[in-house]
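In: any chance you could fold what I've pasted below:
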Amino acid sequence: MQKQAEVQEIIEQRESSPAQLTEKINTVADLTAKYGNKKAKEILATPLKREKIVLEAIEIQGCKGNKTRQLKEIAKKHKITRETLGRWIKEYQTEGLIGLVHEKYRQPADGLEAKGRRAVNQEMRDFIIAMFLRNMKPKGSHIYEQLKKAAEIKGWKLPSKATIYRVIDEISKSEVVMAHKGKEAWKAEVKPKTKRTYDNLMVMQEIVGDGHKWDIFVNWEGRAIRAELSAWVDLRSRAIVGWCITAKANSESIGLALKHAIESYGLPGTIYTDNGKDYLSDYIEAVCKDLDIDIRNCIPKTPQSKLIERLFREVTDKFSRYQPGYCGNNPENRPAGFNQNKLLQAGKLMTIDELAEKFATWVKKYNNAIHGELKDTPKNVVSSVEHFRPGKVEQQVLQVLFMKRSHVKVHPGYIRLYGRDFWTFGTEIDWLVGKYVDVWYDFHNMGRVLIWYGGKIVGTAENKQALRHGEDRVQLAAEQKAKAKFEKETRRRIDEYAQRLGDDLDQILPEDVLNRKRKGQRYITGPDVNSENNVHRLTGHEKDAAAAAQALEQAANNPGPDKPAQMSRAKKMLLEEGRKALAQ
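Out: A predicted model of the protein is given here:
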């Protein structure tokens, strides 16, 4: 009777907790513990395929449009019924991947029934996880040996190695990546991503700019170099709106690319740039301030930065790799037997002009091709969507506002810029000896510069040699650093004779003279994009631009003597003191 009573008590206990008897496998870790890694992978192969289909369907549920029709199309494509797809979605959303595993594989394993799901208590589990989440990435066998020592101290019953691996498998990916790979890897692999859409933006409301070193060697003044690209992309339309190619990207090439964008598509509201010194230079900030353009730093791995990074990858994949001189973006991708110097000697490298011409054709093709996210062409979006700041800025205004600026001291009759004397003209400048003024200049032509003081133009200054030769800022800086290189200076002057010739003579010039002529173009921007918008956009600087144009025209019509009369140092000092006294 007593034995029968004990049996009855056991039956009643089991009936009071039926869930323990029927509890099925609810994690991938338990599945692996029951069947082993190899068998578990075979079992999960089908659920993993189903997961891709489910994720595709879930993404559609969050989009606009006829969802029912789209889900039917997915079911038809994968040869399943609409009802089956709905059941998979429900199971996945409720249980995750394990919900897609066939029921026959989810029966409880030995040790998972009512006697207890784990052979480890909470403290043992914490010990195993703490030992695993170390930056040394310990092996399971090492953790098992450490657990033996802890079990002796704590009096724990030592579990099997399979149990330890099951506990490790249950640790979240977020914790594993953070502990083993660090914060940056966690941000890239685990941190929830915010997928930003730009449908709410207007055209040119926000543009993003960055630089790209070509994976192409070109012939630059007899040397094989990898030129650099500065480009701006409109976030709303994904159109490439402005670009400039030069031997070495700097604030000037970035400014020219921005100027090209404004000339073609109008003023932007905000520009996103990286943290490089060129993009955040005083020059770019001054230009944007004058044009009322907001500047924001483009943080790496944000949607804005990824957009232009994808563009540069597309440039590489669809343009660069098919051009002569392609060298690959790393040693592994370099074409077999590639040697840029041999290609240079054989005359098989493009010039920077030829690269720019080919890229201009590719940009036009890119802006007229269907974009995957837009389901339309960038050009169509530009034409159909409202512009943030409609209207075109006068060319004269842009020409002045995109001048470079320097802060220099006024000397009696001249200023010094890049190691050269610029002779000043204008009665107002004569009263500013000893003071510092702002000098604005076109870095393509350093012969004549504008002088600003107190927010207005007070005159101009000229360097006759630079004016005659059409020198740019790069040339002046190079000369200042290497005045002793007489041979280089001689060659440069020989080139300048060809560079001053008009383009209408190109068809009759010998090839060597034509090559010397082309050397003078150091910055090559994209071609003008015709726009039907003939409305002018006022910037508030039209009066300054007109004054600048007038000052430059007057200086050109009345250039003055080549040099002021020579005077002794003592006479210069007396003249300077006299002017100071008059100014007081």
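
In: can you list the low-confidence ranges for the stretch 151-300 of the chain?
Out: In the predicted model of the stretch 151-300 of the chain, residues 193-196, 274-280, 298-300 satisfy pLDDT under 70.

In: residues touching the helix or strand where V410 lies, excluding its own?
Out: Using DSSP states H and E, V410 maps to strand 404-411. Contacts to strand 404-411, defined as Cβ atoms under 8 Å, 6 or more residues apart in numbering, come from residues 252, 282-283, 286, 415-417, 424, 429, 432-443, 473. No exception for glycine: its C-beta is placed from N, CA and C like everyone else's.

In: which of those residues fall in strands?
Out: 415-417, 424, 436-442 (DSSP state E).

In: can you point me to the longest strand in this protein?
Out: Max-length strand for the chain by DSSP E is strand 206-220.

In: for the stretch 351-500 of the chain, just list every one of the strands.
Out: 404-411, 414-417, 420-425, 436-442, 445-453, 456-462 (DSSP state E, counting those that start in this stretch).

In: let me have those in JSON lines, extended by mean pLDDT, distance to E83 and mean neighbour count.
Out: Shown next, in JSON lines, are these (pLDDT from 0 to 100; distance: least, Cβ to Cβ, whole Å; neighbours: other Cβ atoms under 10 Å):
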{"stretch": "strand 404-411", "mean pLDDT": "86", "distance to E83": "69", "mean neighbour count": "16"}
{"stretch": "strand 414-417", "mean pLDDT": "84", "distance to E83": "79", "mean neighbour count": "18"}
{"stretch": "strand 420-425", "mean pLDDT": "76", "distance to E83": "82", "mean neighbour count": "21"}
{"stretch": "strand 436-442", "mean pLDDT": "86", "distance to E83": "71", "mean neighbour count": "19"}
{"stretch": "strand 445-453", "mean pLDDT": "80", "distance to E83": "74", "mean neighbour count": "21"}
{"stretch": "strand 456-462", "mean pLDDT": "83", "distance to E83": "78", "mean neighbour count": "21"}
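
In: got CSV for these, with distance to Q93 too?
Out: Below are the strands of the stretch 351-500 of the chain laid out as CSV (distance: least, Cβ to Cβ, whole Å):
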stretch, distance to Q93
strand 404-411, 59
strand 414-417, 69
strand 420-425, 72
strand 436-442, 63
strand 445-453, 66
strand 456-462, 68
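
In: and of these, who's closest to I25?
Out: strand 404-411 (70.2 Å; Cβ to Cβ).

In: partner strands of that closest one and their direction?
Out: When sheet partners are counted by DSSP bridges, strand 404-411 sits next to strand 414-417 (antiparallel), strand 436-442 (antiparallel).

In: and those: which comes nearest P159?
Out: Going by Cβ to Cβ, the one of the strands paired with strand 404-411 nearest P159 is strand 436-442, 77.1 Å.

In: report the angle between the axes of the closest one and strand 445-453?
Out: 140 degrees (axes from the mean of the first three to the mean of the last three Cα atoms, to 10 degrees).

In: for V218, what are its contacts?
Out: If you count contacts by Cβ under 8 Å, 6+ apart, V218 has them with 224-227, 325, 349-352, 354-355.

In: partners of it in the sheet?
Out: Here V218, judged by DSSP bridges, has bridge partners I225.

In: and it, how far is that from E354?
Out: 8 Å (Cβ to Cβ, to the nearest Å).

In: same deal with P47?
Out: P47 is 54 Å from E354, by Cβ to Cβ.

In: likewise for D30?
Out: 64 Å.

In: between the two, which is the more surrounded one?
Out: Legend: neighbour count by other Cβ atoms under 10 Å for D30 and E354, higher for D30 (23 against 15).

In: need the three-state assignment for the more buried one.
Out: helix (DSSP: H, G, I helix; E, B strand; the rest coil).

In: now, which of the ones in strands among the contacts of strand 404-411 sits nearest L258?
Out: For the ones in strands among the contacts of strand 404-411, the residue nearest L258 by Cβ to Cβ is D442; the value is 15.6 Å.

In: my guess is the closest one contacts Q399, does it?
Out: Yes. Between D442 and Q399 there is a contact at 7.5 Å, judged by Cβ atoms under 8 Å.

In: got the contact list for the closest residue to T424 other than its chain neighbours?
Out: Using Cβ to Cβ, 6 or more residues apart in numbering and skipping residues adjacent in sequence, the residue nearest T424 is A461, 4.6 Å away. When contacts are counted by Cβ under 8 Å, 6+ apart, A461 touches 414-415, 422-425, 429, 439, 448-449, 451.
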